[in-house]
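Undergrad: I would like the atomic coordinates for the input below:
(2 chains)
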Amino acid sequence: MKADKTKHKKGRLGAEIQHKIGQQLRAMYTDVVNEGVPDRFAELLQRLDKQDQK
Amino acid sequence: MSDRNDAREDVRSAMLAAVPSLRAFAISLCGDVDRANDLVQETLLRAWSHLDSFEPGTNMSAWLFTILRNHFRTEYRKRRREVEDADGGYAERLTAPEEQTSHIEFGELREALLKLSADQREALILVGASGFSYEEAAKICDCAIGTIKSRVNRARLRLAEILGIETVPDLAPETPEFPAAASGGRKD
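TA: Numbers count the residues shown, from 1 in each chain, chains lettered A, B, ... in the order given. A predicted model of the protein is given here:
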């Protein structure tokens, strides 16, 4: 909890906080990446491909 | 003939391989899974119909990210205009991302991301999460490398600031840059 309510520091923030946020950001991203390819997209590309072959 | 088929097969699998990170990028940009999926779908359709503008041998993933990013920015501007007429309904949705994503554990971070300007948000995600170099990110966002670097820096600071003051809910960020601020819902 930050003690000072009227002003918070701008500019420099702890390296530790920055590191943590970076990690969280990547974790959040990876979380979605790990869901893989939803069927609708595989099907869409298949459909487009077939269309072109005609 | 079979060369052409092979080439198309390559393109198709490259596009497919890029889908998971395209989705992650889109969700981070707009904070809404359904809308993100639509963005990805539109990206694939556009990419497919503009395959001739893709330079073989270059990074397919970066090319798709560029298309998605540009589409999002155009759509975002359009929506923003609509929102200003529509009593901030969209802004309200933006401030409640937990309800729209299945990733509740990151709700706080997602919410904080949406408070960044679109410029800062895309730069931070591309470099900090997607793993693009500053140079690649600059290409995707069509700006100078120095610009990307400073956006990423400011985004990191801002994000830490927002998350850091999370325990003091009364203290709103003083320079809101996202339409959430334009809803006029809260008075000081």
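Undergrad: Going by C-alpha atoms from here, please, whenever you check contacts or count neighbours.
TA: Noted.
Undergrad: ok now do the residue nearest to the spatial centre of chain A, which residues does it touch?
TA: Note on chain A: the residue nearest the mean C-alpha position is A:Tyr29, at 3.0 Å, using CA atoms, centre = their mean. For A:Tyr29, the residues meeting the contact criterion (CA atoms under 8 Å, 6 or more residues apart in numbering or on different chains) are B:Ser21, B:Ala24, B:Phe25, B:Ser28, B:Ala129, B:Ser130.
Undergrad: Show me which residues of the helix or strand the fourth one falls within are buried.
TA: Secondary structure from DSSP states H and E places B:Ser28 in helix B:2-30. Within helix B:2-30, the residues scored as buried using 16 or more other CA atoms under 10 Å in any protein chain shown are B:11-12, B:15-30.
Undergrad: out of the residues you listed, which touch chain A?
TA: B:Arg12, B:Leu16, B:Ala17, B:Val19, B:Pro20, B:Ser21, B:Arg23, B:Ala24, B:Phe25, B:Ser28 (CA under 8 Å from any CA of the partner chain).
Undergrad: ok, the second one - contacts?
TA: By CA under 8 Å, 6+ apart, the contact list for B:Leu16 reads A:Val37, A:Phe41, A:Ala42, A:Leu45.
Undergrad: most surrounded residue in those residues?
TA: Greatest neighbour count in those, by other CA atoms under 10 Å in any protein chain shown, goes to A:Leu45: 19 neighbours.
Undergrad: doesn't B:Arg12 make contact with that one?
TA: Yes: A:Leu45 is within contact range of B:Arg12, at 6.8 Å (criterion: CA atoms under 8 Å).
Undergrad: And for B:Asp119, nearest residue in space, chain neighbours not counted?
TA: Excluding its sequence neighbours, the residue lying closest to B:Asp119 (CA to CA, 6 or more residues apart in numbering or on different chains) is B:Arg151, at 7.1 Å.
Undergrad: which element is the one you found on?
TA: Take DSSP H and E as the rule and B:Arg151 turns out to sit in helix B:145-164.
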